[in-house]
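Novice: I need the structure of the sequence given here:
(chains A and B)
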Amino acid sequence: MVKDTKVRVRFAPSPTGPLHIGSVRTALFNWLFARSEGGVFVLRIEDTDKERSREEFEADIKSGLQWLGMEWDELYRQSDRGEVYKEHLLRLLEENRAYWCFCSKEELKAQNEAMLSQGLAPKYSGKCRSLTKEEADRRISSGEGAVVRLKIPEKELSFEDIIRGKIVFDGALIGDTVIARDLESPLYNFVVVVDDALMEITHVIRGEDHISNTPRQIALGEALGFDMPRFAHLPIILNPDRSKMSKRFADTALREYIQKGYAKEAVINFLALLGWHPEGDREVITKDELIQEFSLKRVQRGGAVFNQDKLDWLSNSYFKQMNMEEFRSQLQEFLPEGWQPNEVMISSVKERIVRLDEAKGLLQFYFEAPDYKTELLSWKGMSQERVTQSLTKTHEMVEGIPERDFKTNKLEERILGLVSSENRGEVLWPLRVALSGLEKSPSPFEIMAALGKKESLRRIEYAQKKIA
RNA sequence: GGCCCCAUCGUCUAGUGGACCAGGACGCCAGGUUUUCAUCCUGGAAACGGGGGUUCAAUUCCCCCUGGGGUCACCA
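Specialist: Residues are numbered from 1 along each chain as shown, chains lettered A, B, ... in the order given. As a prediction, the model looks like this:
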């Protein structure tokens, strides 16, 4: 049956923690698919777990998506939809597709462990399945605790995964699944099916870890008489040791990447390449190009290791190509109050930075006189005497340059003109250290241009005093 | 352990039976540019897990093994 309907996808995070980078990747693939198909991207907050869901995390999810520019077209919150779920739950009970189960947690746990130790997959015994409606109602009204279970048919439950092809499960091995704690507290496997159907979701694009939930959801969809969406299960993101990505190896929350100041274009580009690849050998791809080229057919099947080095490289390469004004405004948020770096400082930062939170350390010496170990002034084993000579000579040269020539290229021209090529290092290294206090820094010409004549001389004098 | 998924350089991947003694990118190594670092340029090492088939021909198709992963909640 080919339905000629508009593509509708959803990103359905539960607000029980900060937005995970793996979820972001799932969101991105959904978003890209929707945009590339001219479809609708739905954001659905799955907050049926009242204990664990927090508003703070819903806010984190939304701001994260916004930061990346993944705008949603429709927004739903499951906690607003209690009536809808209740109605469907009642119908299932009424039609005897689901039933009340009175087994205690302890009882269930013991059964599961027993089966596990026998080498069998844990499965509910079906004990309460045969209870009559009258019996169940009576026990409920007498105040006995009970949950709702869906009858899982003992037959093949299969689906055609867009990425993986046909996946087959044996319903007989699954066992009746709990779909609600009570009429007011439906559970994940239930609400997801109801919502996907009612929201007319056409494609469910989610992590591979949901494959094993799919047969239950299909059984439920059948019980409810719903048309099922198509499924596409994405490979999961892995640690370097190939286990499921965790905090032990890398930051897992998007907000940590935001706080560290990664380029958002890099985050998107990097995540897109984790499990997907465009045609051809391209690596650096903008969001618009991604939309142009995205296709579920090109999604990888195997898990992908999160490669921090590549993210870093991408982030730096996006900063390098970013225009000055844009970079300046992003940078400013990461600098202390009052620091107003000029063009030269900004461009040297822009060239080498991976994360904006490194900028402070990179720029500090421009705004505060540096301190450093005296030995650092010495280049390749220069003696103290030669360093002193070098600084004296440098001081002379710099003093002779008029303030108006304190431009990177002019300074370079004049100073290099006065220094013979064989001892450039001996002149430039001590000078650079005197100016920056650092082993690694931009060129002394750049620094002097930024500092101006007076401050440059002051720092050279300080170095002279230090070495003496 | 049951069920399910997966398998090309260290990593992300290209590759859909011959065009591949397997291409790109990150990382790594070497050299060059640079006072230093970064950038940049040049070059290099580096992979089809194993065994059976199918075929004139398999990285590519099938099976088995091995390996890795996911999942087995009154979480999502």
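
Novice: can you tell me the SS state at the residue lying closest to A:Leu131 once chain neighbours are set aside?
Specialist: Of all residues not flanking A:Leu131 in the chain, A:Tyr99 sits nearest, at 6.6 Å (Cβ to Cβ, 6 or more residues apart in numbering). C-beta here means a position set from N, CA and C on the backbone, and glycine is covered the same way. Here A:Tyr99 is strand, with the state taken from DSSP: H, G, I helix; E, B strand; the rest coil.

Novice: pretty sure A:Tyr99 sits against A:Ala136.
Specialist: Yes. At 6.8 Å, A:Tyr99 counts as touching A:Ala136 under the criterion of Cβ atoms under 8 Å.

Novice: overlap in contacts, the two.
Specialist: A:Cys128 (Cβ atoms under 8 Å, 6 or more residues apart in numbering).

Novice: A:Arg432 and A:Glu265, how far apart?
Specialist: A:Arg432 sits at a distance of 33 Å from A:Glu265 (criterion: Cβ to Cβ, to the nearest Å).

Novice: next: A:Gln321.
Specialist: On the measure of Cβ to Cβ, A:Gln321 and A:Glu265 end up 9 Å apart.

Novice: neighbour count for the two, which is higher?
Specialist: Comparing A:Gln321 with A:Glu265 by neighbour count (other Cβ atoms under 10 Å), the higher total belongs to A:Glu265, at 21 against 12.

Novice: contact partners for the more buried one?
Specialist: A:Thr286, A:Lys287, A:Tyr318.

Novice: which helix or which strand is home to the closest residue in space to the first one that isn't next to it in sequence?
Specialist: Residue nearest to A:Thr286 in three dimensions, not counting chain neighbours: A:Glu265, with 6.8 Å by Cβ to Cβ, 6+ apart. Here A:Glu265 is covered by helix A:264-272, with elements defined by DSSP states H and E.

Novice: buried sites along the helix or strand following that helix?
Specialist: Per DSSP H and E, the first helix or strand lying C-terminal to helix A:264-272 is helix A:287-293. Of the residues in helix A:287-293, A:Lys287, A:Leu290, A:Glu293 count as buried by neighbour count, 16 or more other Cβ atoms under 10 Å.

Novice: wait, the first one touches A:Val267, no?
Specialist: No. Between A:Lys287 and A:Val267 there is no contact, the gap being 10.7 Å when judged by Cβ under 8 Å.

Novice: gap between A:Val7 and A:Phe41?
Specialist: Between A:Val7 and A:Phe41 the computed distance is 9 Å (Cβ to Cβ).

Novice: got any residues that touch both of those two?
Specialist: If you check A:Val7 and A:Phe41 against Cβ under 8 Å, 6+ apart, the residues they both contact are A:Ala34.

Novice: higher neighbour count, the two?
Specialist: A:Phe41 (22 against 17).

Novice: quickly find the element holding the more buried one.
Specialist: Using DSSP H and E, the element containing A:Phe41 is strand A:40-45.

Novice: cool, A:Arg328 as well?
Specialist: Counting by DSSP H and E, A:Arg328 is part of helix A:324-332.

Novice: A:Val9 too?
Specialist: Using DSSP H and E, A:Val9 falls in strand A:8-11.

Novice: now do the helix or strand just after that strand against strand A:40-45, angle only.
Specialist: Next along the chain after strand A:8-11, taking DSSP H and E as the criterion, comes helix A:21-36. Helix A:21-36 and strand A:40-45 are oriented at 150 degrees to each other (axes from the mean of the first three to the mean of the last three Cα atoms, to 10 degrees).

Novice: may I ask which helix or strand of chain A has the lowest mean pLDDT?
Specialist: helix A:105-117 (a mean of 88; mean pLDDT, DSSP states H and E).

Novice: output that helix as CSV, nothing but the C-alphas.
Specialist: Output in CSV follows, covering the C-alpha atoms of helix A:105-117 (Å, rounded to 0.1, in the frame of the first residue of the first chain):
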residue,chain,number,x,y,z
LYS,A,105,7.1,-6.8,41.4
GLU,A,106,8.8,-9.2,43.7
GLU,A,107,7.1,-12.1,42.1
LEU,A,108,8.0,-10.9,38.6
LYS,A,109,11.5,-10.3,39.5
ALA,A,110,11.9,-13.8,40.9
GLN,A,111,10.5,-15.3,37.8
ASN,A,112,12.8,-13.3,35.6
GLU,A,113,15.8,-14.3,37.5
ALA,A,114,14.8,-17.9,37.4
MET,A,115,14.4,-17.8,33.6
LEU,A,116,17.6,-15.9,33.2
SER,A,117,19.5,-18.5,35.2
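
Novice: who are the packing partners of it?
Specialist: With contacts taken as 3 or more Cβ pairs under 8 Å, 6 or more residues apart in numbering; DSSP states H and E, helix A:105-117 sits against no other helix or strand.

Novice: residues making contact with that helix?
Specialist: A:Ala121, A:Pro122, A:Lys123, A:Tyr124, A:Ser125.

Novice: name the member of those residues with the most neighbours.
Specialist: Counting by other Cβ under 10 Å, top hit in the contacts of helix A:105-117: A:Tyr124 with 19 neighbours.

Novice: show me what contacts it?
Specialist: Applying Cβ under 8 Å, 6+ apart to A:Tyr124 gives the contacts A:Cys101, A:Cys103, A:Leu108, A:Gln111, A:Arg149, A:Gly175, A:Asp176, A:Thr177.

Novice: who's in contact with A:Leu93?
Specialist: By Cβ under 8 Å, 6+ apart, the contact list for A:Leu93 reads A:Tyr99, A:Trp100, A:Val148.

Novice: okay, and the beta partners of the second one?
Specialist: Applying DSSP bridges to A:Trp100 gives these bridge partners: A:Val148.

Novice: ok, it - contacts?
Specialist: A:Trp100 touches A:Leu93, A:Cys128, A:Leu131, A:Ala136, A:Arg139, A:Ile140, A:Ala146, A:Val147, A:Val148, A:Arg149, counting by Cβ under 8 Å, 6+ apart.

Novice: correct me, but A:Phe41 touches A:Leu65?
Specialist: No. With contact defined as Cβ under 8 Å, A:Phe41 does not count as touching A:Leu65 (9.6 Å).

Novice: who touches both of these two?
Specialist: By Cβ under 8 Å, 6+ apart, the residues touching both A:Phe41 and A:Leu65 are A:Phe11, A:Glu71, A:Trp72.

Novice: good, wrapping up.
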